[in-house]
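Enquirer: sequence and computational prediction follow.
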Amino acid sequence: MNPVVELTRVSKTFGDIRAVSEASLSVARGDFLTVVGPSGCGKTTLLRMIAGFETPSSGEIRINGDRVDVVPPYRRSIGMVFQKLALFPHMTAAQNIAYPLKMRRFAPRVIPGLVKQYLELVQLGGLGDRRPHELSGGQQQRVAIARALVFSPDLLLLDEPLSALDRKLREEMQLEFRRIQRELAVTTINVTHDQREALVMSDQIVVMDQGVIQQAATPQALYRQPANRFVAHFLGVTTLLDGRVVRVGDDGDVAVQVGDTVLQARGVGQALVTGAPVDCAIRAERIGMAAHGQPGLDNTVDGVVLQRIFEGDRVVYVVRVPALGDAVLSLFDRDADVHETTTEGQSVRLAWQARDLMVFAKQT
Amino acid sequence: MTDQLSKRVVLWGLVWFSIVTLSLPTVIIIGASFTSGDIIRFPPEGFSLRWYWELWQLSDFTNALLRTLYVAVICTLISLPVGTLAALATVRYRLRFRRSIQVYLLLPFTIPLVVSGLSMMILFGEMRILGQLWPVGLGICIINLPFMIWSVSASVNAIDPDLENAAMNCGAPPVQTFLTVTLPAVMPGVITGGLLSFILAFNEFLVSLFLTDSRTVTLPVQIYNSIRSIITPDLAAVSVLYILIALIAVWLLDRLVGLEIFLRSK
């Protein structure tokens, strides 16, 4: 099946600044794709080019196979939920939802029915007469979703609409967006800086940094097999270590020297050569405290607890390890008994499997 | 306890002092206008509508009033489109020389009215339009345009920068976007600015003084002329007329836009 959206080597420069550089991606029909990255990484510019508010400096954008680079935004069949929602303040919720239908010349007799149907879809039945400022933050979100979807667009764009909400409401709305998206099977591109939101909502994730797409994959693949140091560090709680390859084995097995210690590890991505400087990354949840019985792991080091942070369902330990060149590692512990006994300043033994220490060739 | 009390006393004292000093002149002039005597004085001698009747009989004043209304309408009609578009353009769009244009548009505000009045008198004289009434409206419009622009700019700043993108995303071409979304969204500022323009034009004295002659004299200039000859209570009656018009403007503003805009800074 042809992709709904296809970007081919799309770049955008503003003066001397290269906001988006040679970005290529495609979204299959009905998929939910999230573009995630730190602020200023170019993700919003990418979205605005797809919506038609910015013109690419080079490259091409296709929607349903047709080039749209020169098609003005009002002739594209795209619904969008804006960062600050951009509801029309002088119209009621129902008038906001009816607006795209009127502008797109739907037959007047079908408009009231569609407005009612979409008000109910977003669970706002009975609130159609309210003005935006008379609605709560979550209700405004729902009006914005309904306005973006009511004309059955080929594509839905979400420009960080959830970023202004408090955490509980945001998580509720994430599930709500996902429910509606599945129900209508509308192809969606979401933009966010929130890694959790990306992992929770998406079929596919594109990680961007400094205008360049770093990796595109499913949430699971992205988390388990990050392509480089940036992706590894961006998702999850990850400790990065500088190392040097001392031996390259079969099937991606490598040995790396970090500080004074040789660690068993797993090579990712490009081929590694002996003697090359590398980035090593390990996730906090993959490090165990050997003190409470996890023998037989590939790597074992001794350290001193610098900080102990209680987070309710888990405790985060920040541990300094002299043998790794005084590196500072973060790890989680979910074992309630250890919570009570391990204190700051205490010596602990850390251990993890070779496959959990990911090694990347240094990016130049 | 005593601290609380003295704080209350001082605060209320200040409030009442402000209210009295601000409203006293108005109260006195309203009182004086209802006198039945021949001179302005407070408290008035007796009570009558005599001077309102006299005012109504004075064709000098009624004609001046009509001319002033005409001038104020002209001024408002020019201010509305010019001020609205200028505010939208300078606040909303990434224009070249945007700063310079903003400064240029606010220039009339920094120049003393005497200078503006004199230069417009010379300019209009050269253009052979001095002595007509509409150039007075135009001149007043020019010097008061900053108020209109400020008023609309405040509305433009308050709206979501993506509002027009949202309209286009909904399928509205640029003209439709302007008419159905941009303009209604800045309407509070346009209404406020329009009423402000009207009142300012209605009150404008100094520039009118330069631009009018005995055939085109406007009400503020007429009052000034009268004061120089003889002060009679009909002047108090005219003042009450002014107060009434200002009250009507505030009432209209409250009905159309809501006074919260002024009382609550956003």
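Expert: Good, I have the coordinates. Numbering: from 1, shown residues only, chains lettered A, B, ... in the order given.

Enquirer: how about A:Ala266, secondary structure?
Expert: Careful, residue A:266 is Arg; it's not Ala. Following DSSP: H, G, I helix; E, B strand; the rest coil, A:Arg266 is assigned to strand.

Enquirer: quick one: pLDDT of it?
Expert: What the model reports for A:Arg266 is a pLDDT of 87.

Enquirer: ok, now how distant is the nearest residue to it once chain neighbours are set aside from chain B?
Expert: Closest residue to A:Arg266 apart from its sequence neighbours, by C-beta to C-beta, 6 or more residues apart in numbering or on different chains: A:Arg355 at 4.8 Å. Every C-beta, even on glycine, is put in place using the N, C-alpha and C of the backbone. Shown here: A:Arg355 relative to chain B, a distance of 46 Å by C-beta to the nearest C-beta, to the nearest Å.

Enquirer: what parts of the stretch 1-150 of chain A come near chain B?
Expert: Neighbours of chain B within the stretch 1-150 of chain A, by C-beta under 8 Å from any C-beta of the partner chain: A:51-53, A:72-75, A:78-80, A:82-90, A:99-100, A:103-104, A:147-148.

Enquirer: ok, the residue of the stretch 151-300 of chain A found nearest chain B to A:Val186 distance?
Expert: Per C-beta to the nearest C-beta, A:Phe151 is where the stretch 151-300 of chain A lies closest to chain B, at 7.4 Å. Note on A:Phe151: its distance to A:Val186, by C-beta to C-beta, to the nearest Å, is 11 Å.

Enquirer: shared neighbours, the two?
Expert: Residues within reach of A:Phe151 and of A:Val186 at once, by C-beta atoms under 8 Å, 6 or more residues apart in numbering or on different chains, are A:Gly79.

Enquirer: span of stretch A:217-230 from start to end?
Expert: The first residue of stretch A:217-230 is 15 Å away from its last residue (C-alpha to C-alpha, to the nearest Å).

Enquirer: who's in contact with it?
Expert: Outside of stretch A:217-230, the residues within contact range by C-beta under 8 Å, 6+ apart are A:198-199, A:202-205, A:207, A:209, A:214-215, A:231-232, A:235-236, A:240, A:268-269, A:279, A:281, A:358, A:360, A:363.

Enquirer: any of the residues you listed buried? List them.
Expert: Taking 16 or more other C-beta atoms under 10 Å in any protein chain shown as the criterion, what is buried in the contacts of stretch A:217-230 is A:198-199, A:202, A:204-205, A:207, A:209, A:214-215, A:231-232, A:235-236, A:268-269, A:279, A:281, A:358, A:360.

Enquirer: could you pull out the helices for the chain?
Expert: Using chain A here. Per DSSP state H, chain A carries helices over the ranges A:43-51, A:93-103, A:111-121, A:137-149, A:167-184, A:195-201, A:219-224, A:229-234, A:336-341.

Enquirer: that answer is for a different chain, and I need it for chain B
Expert: Under DSSP H, chain B gives helices at B:2-33, B:50-57, B:59-92, B:98-110, B:113-126, B:134-158, B:163-169, B:174-177, B:183-203, B:206-211, B:219-229, B:234-256, B:260-263.

Enquirer: so which bits of the stretch 51-200 of chain B are right by chain A?
Expert: For the stretch 51-200 of chain B, the residues in contact with chain A (C-beta under 8 Å from any C-beta) are B:159-163, B:165-173, B:176-177, B:180-181, B:184-185, B:187.

Enquirer: let's see it at 6 Å
Expert: Residues of the stretch 51-200 of chain B found near chain A (C-beta under 6 Å from any C-beta of the partner chain) are B:160, B:162-163, B:165-166, B:168-173, B:181, B:184.

Enquirer: pull the contacting residues for residue 187.
Expert: Looking at chain A here, since you left the chain open. By C-beta atoms under 6 Å, 6 or more residues apart in numbering or on different chains, the contact set of A:Thr187 is A:4, A:27, A:29-30, A:155.

Enquirer: which one is it nearest to, not counting chain neighbours?
Expert: Nearest to A:Thr187 is A:Val4, by C-beta to C-beta, 6+ apart, at 4.3 Å.

Enquirer: and the one you found, how many neighbours?
Expert: 22 (other C-beta atoms under 10 Å in any protein chain shown).

Enquirer: repeat that for B:Leu58.
Expert: Neighbourhood size, B:Leu58 [other C-beta under 10 Å]: 16.

Enquirer: and the nearest residue to it once chain neighbours are set aside, what does it touch?
Expert: Spatial nearest neighbour of B:Leu58, chain neighbours left out: B:Asp234 (6.8 Å); criterion: C-beta to C-beta, 6+ apart. Residues near B:Asp234 by C-beta under 6 Å, 6+ apart: B:51, B:54-55.

Enquirer: for chain B, give me the ranges with low pLDDT.
Expert: Applying pLDDT under 70 to chain B picks out residues B:1, B:259-266.

Enquirer: tell me the buried residues within the residues of the stretch 51-200 of chain B next to chain A.
Expert: Buried members of those, counted by 16+ other C-beta under 10 Å: B:160, B:162-163, B:165-166, B:168-172, B:181.

Enquirer: find the least confident helix or strand in chain A, judged by mean pLDDT.
Expert: helix A:336-341 (a mean of 64; mean pLDDT, DSSP states H and E).

Enquirer: one step back: ranking the helices of chain A by mean pLDDT, which is last?
Expert: Among the helices of chain A, helix A:336-341 carries the lowest mean pLDDT, a mean of 64.

Enquirer: any idea how far A:Gly128 is from A:Arg105?
Expert: Distance of A:Arg105 to A:Gly128, computed by C-beta to C-beta: 22 Å.

Enquirer: okay, those two: which has more neighbours?
Expert: Neighbours per residue, other C-beta under 10 Å: of A:Arg105 and A:Gly128, the larger number sits with A:Gly128, 21 against 8.

Enquirer: list the contacts for that one?
Expert: Counting by C-beta under 6 Å, 6+ apart, A:Gly128 makes contact with A:93-94, A:119.

Enquirer: skip the chain neighbours and tell me the closest residue to residue 60.
Expert: I went with chain A, as the question did not name one. Counting by C-beta to C-beta, 6+ apart, A:Glu60 lies nearest to A:Thr8, which is 5.1 Å off, once chain neighbours are set aside.

Enquirer: that's the wrong chain, I wanted chain B
Expert: Here the residue nearest B:Asp60, using C-beta to C-beta, 6+ apart, is B:Gln222, at 6.3 Å.

Enquirer: what comes into contact with stretch B:34-41?
Expert: Outside stretch B:34-41, the residues that reach it (C-beta under 6 Å, 6+ apart) are B:32, B:44-48, B:50, B:231, B:233, B:236.

Enquirer: one step back: turn the buried ones among the residues of the stretch 51-200 of chain B next to chain A into TSV, including distance to A:Arg247.
Expert: TSV is the format used below for these (distance: C-beta to C-beta, whole Å):
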residue	distance to A:Arg247
B:Asp160	58
B:Asp162	55
B:Leu163	61
B:Asn165	56
B:Ala166	58
B:Met168	59
B:Asn169	56
B:Cys170	61
B:Gly171	62
B:Ala172	65
B:Val181	65
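
Enquirer: B:Leu130: which of those is nearest?
Expert: B:Leu130 has its nearest neighbour among these in B:Val181, at 42.9 Å by C-beta to C-beta.

Enquirer: I figured B:Phe202 hits B:Ala72, correct?
Expert: Yes. Assessed by C-beta atoms under 6 Å, B:Phe202 is found in contact with B:Ala72 at 4.5 Å.

Enquirer: which neighbours do those two have in common?
Expert: Counting by C-beta under 6 Å, 6+ apart, B:Phe202 and B:Ala72 have no shared contacts at all.

Enquirer: residues near residue 145, how many?
Expert: This is for chain A. 26.

Enquirer: my bad, chain B
Expert: B:Leu145: 23 surrounding residues under other C-beta under 10 Å.

Enquirer: so how far is B:Pro161 from the closest residue to chain A within the stretch 1-150 of chain B?
Expert: As assessed by C-beta to the nearest C-beta, chain A sits closest to B:Arg94 within the stretch 1-150 of chain B, at 11.1 Å. According to C-beta to C-beta, B:Arg94 and B:Pro161 sit 12 Å apart.
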